[in-house]
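> how would this look folded up:
(one chain, ligands or ions: 1)
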Amino acid sequence: MIPLDPGARRAILEAVAALEGDAVERLAGLVRHDSTLGREAGALEAMAAEYAALGLSPRRVPTDPAALAGHPGFSPPLVSYAGRDNVAAVHAPREARGRSLALQGHVDVVPEGAADLWETPPYEPSVRGGRMYGRGAGDMKAGIVSYLTAFRALRMAGLQPAAAVQMQAVVEEECTGNGALATMLALPRTDAVVIPEPGPGMAAIYSAEVGVVWAWITVTGRPVHVRDMHAGVNAIEAAMAVAGRFKDYENERNRAENIHPAFRGVNHPVNVNLGTVEGGEWNSSVPTRARVGLRVGVMLGYTAARTRADIERIVAEAAAEPALRGTRVAVEFRGFMADPCAFDMEADICRLARRAYAEASGGALRDYPATGLTDGRFFALYQSTPVACFGPEAAEIHGIDESVSLESMHSITRSIALLMAEWCGVERAA
Ligand SMILES: [Zn+2]
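Presented below is the predicted three-dimensional model:
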């Protein structure tokens with residue numbers, strides 16, 4: 001670590017303070033983009049403009065499933081990647097003296113759910129009680145604004161990192177991770193990665209995360225007129241019966257002996273979610289086909305491949321039941337095929353993150369074993385690059401009325417600015 005002189009430290013923190021209003025505006029600008037799956041183009045364009053505004057040259061990084069298919073971190077895609085290229089930019093120092101760093105964040109957001117349940121519309125950012133409300137405000141557009149503002153603050157203080165700093169804005173963190181994988185592979189490996197993902201109800205640093213497998217189960221029933229319904233098999237009822245079997249599986253995977261020590265004390269860390277149901281044609285016809293979509297968690301110490309085999313076995317057992325005789329049951333895997341991962345909390349970058357956060361906020365980052373996942377696994381599992389995944393305090397992540405604490409965002413900005421200055425060292429701004 002290169003010690004930062006007190007004058008530079010003060011100048012950086014003053015610059016972050018002067019940029020607080022600007023940061024809130026930039027966050028509102030990003031939240032206004034509905035960047036759900038397949039609709040990320042506007043947010044990606046905005047990120048390219050943000051990088052250009054920092055004096056960097058944004059470049060597009062395509063996600064090419066054919067090129068990634070052999071990689072162990074690849075997940076089968078859900079939709080085409082055309083028109084949704086990731087965006088990256090690299091700061092090059094005049095003289096590289098410090099350690100290089102990647103600042104990574106995903107622009108995609110999960111669906112807003114029933115928009116009428118939101119107090120204010122999900123893509124119309126609203127500030128109430130020191131929090132910004134909107135889909136993606138917490139997960140993770142505030143974190144993205146934090147790293148952008150941290151870099152801008154160094155510049156305002158007349159400084160810049162004395163090492164290469166990559167910025168990566170990626171798609172599909174919420175369903176495959178393929179955007180992160182493609183971007184990681186397209187750029188040189190760095191000495192560390194910072195991903196400012198939010199902490200749930202607290203400022204947190206991710207210590208571990210589960211894996212996730214997405215499965216789609218399609219049941220084709222035996223269609224008949226409802227007056228003869230006992231002669232047929234109702235595809236929706238059959239699909240629900242297959243999905244119901246996963247409750248036992250979920251219970252088994254959460255038994256104490258199956259829980260990795262990193263997740264001790266976490267209530268029910270392995271979750272199976274019945275996320276989507278489609279099917280049926282007409283209220284007076286026995287439905288011929290139904291499809292359910294499942295998200296199945298993978299405990300640390302287990303693998304996505306074993307989970308996939310478990311799913312195939314459970315579906316085959318369900319299909320063999322007498323009640324499903326005459327139906328066709330098919331399972332396919334599209335979306336997450338993601339392994340779990342532990343982060344090295346003793347890595348220099350994590351120690352520095354905790355120290356910088358303590359100085360910037362007066363508080364402490366809590367270690368957080370996450371029951372969801374991040375793009376951090378790619379760097380940790382496939383590149384052995386230390387990852388510090390920490391970000392602002394957010395509430396109702398993936399829920400209704402998602403929000404982020406603006407003071408917490410500013411704290412994370414100060415933390416990243418100090419971390420970047422110490423990790424990379426600083427030189428006079430170009
Ligand atoms: Zn996220």
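> For the closest residue in space to residue 48 that isn't next to it in sequence, the count of nearby residues, please.
Nearest residue to residue 48, sequence neighbours excluded (CB to CB, 6 or more residues apart in numbering): residue 58, at 4.0 Å. Any C-beta I mention is one placed from the backbone N, CA and C, and that applies to glycine too. Residue 58 is flanked by 21 other residues according to other CB atoms under 10 Å.
> can you tell me which residues contact residue 58?
By CB atoms under 8 Å, 6 or more residues apart in numbering, residue 58 lies in contact with 47-48, 51-52, 87-89.
> Between those residues, which sits nearest residue 211?
residue 88 (25.6 Å; CB to CB).
> Sheet partners, orientation included, of whichever helix or strand the closest one is part of?
For residue 88, the host element (DSSP states H and E) is strand 86-91. Here strand 86-91 has these sheet partners by DSSP bridges: strand 59-61 (antiparallel), strand 165-170 (antiparallel).
> where in the protein is pLDDT low?
For the chain, applying pLDDT under 70 flags the ranges 1-2, 225-226, 228-229.
> With only the CA atoms kept, save the helix ranked longest in it in PDB.
Longest helix in the chain by number of residues (criterion: DSSP state H): helix 406-424. This file holds the C-alpha atoms of helix 406-424, laid out as PDB (Å, rounded to 0.1, in the frame of the first residue of the first chain):
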ATOM      1  CA  LEU A 406     -27.900   8.400   0.000                       C
ATOM      2  CA  GLU A 407     -25.600   9.100   3.000                       C
ATOM      3  CA  SER A 408     -24.500   5.500   2.700                       C
ATOM      4  CA  MET A 409     -23.800   6.000  -1.000                       C
ATOM      5  CA  HIS A 410     -21.600   9.000  -0.100                       C
ATOM      6  CA  SER A 411     -19.800   6.900   2.500                       C
ATOM      7  CA  ILE A 412     -19.100   4.200   0.000                       C
ATOM      8  CA  THR A 413     -17.800   6.900  -2.500                       C
ATOM      9  CA  ARG A 414     -15.400   8.200   0.200                       C
ATOM     10  CA  SER A 415     -14.300   4.600   0.900                       C
ATOM     11  CA  ILE A 416     -13.700   3.800  -2.700                       C
ATOM     12  CA  ALA A 417     -11.900   7.100  -3.300                       C
ATOM     13  CA  LEU A 418      -9.500   6.400  -0.400                       C
ATOM     14  CA  LEU A 419      -9.100   2.700  -1.300                       C
ATOM     15  CA  MET A 420      -8.300   3.600  -5.000                       C
ATOM     16  CA  ALA A 421      -5.800   6.300  -3.900                       C
ATOM     17  CA  GLU A 422      -4.000   3.900  -1.500                       C
ATOM     18  CA  TRP A 423      -4.200   0.700  -3.700                       C
ATOM     19  CA  CYS A 424      -3.100   2.400  -6.900                       C
END
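> Thank you, goodbye.
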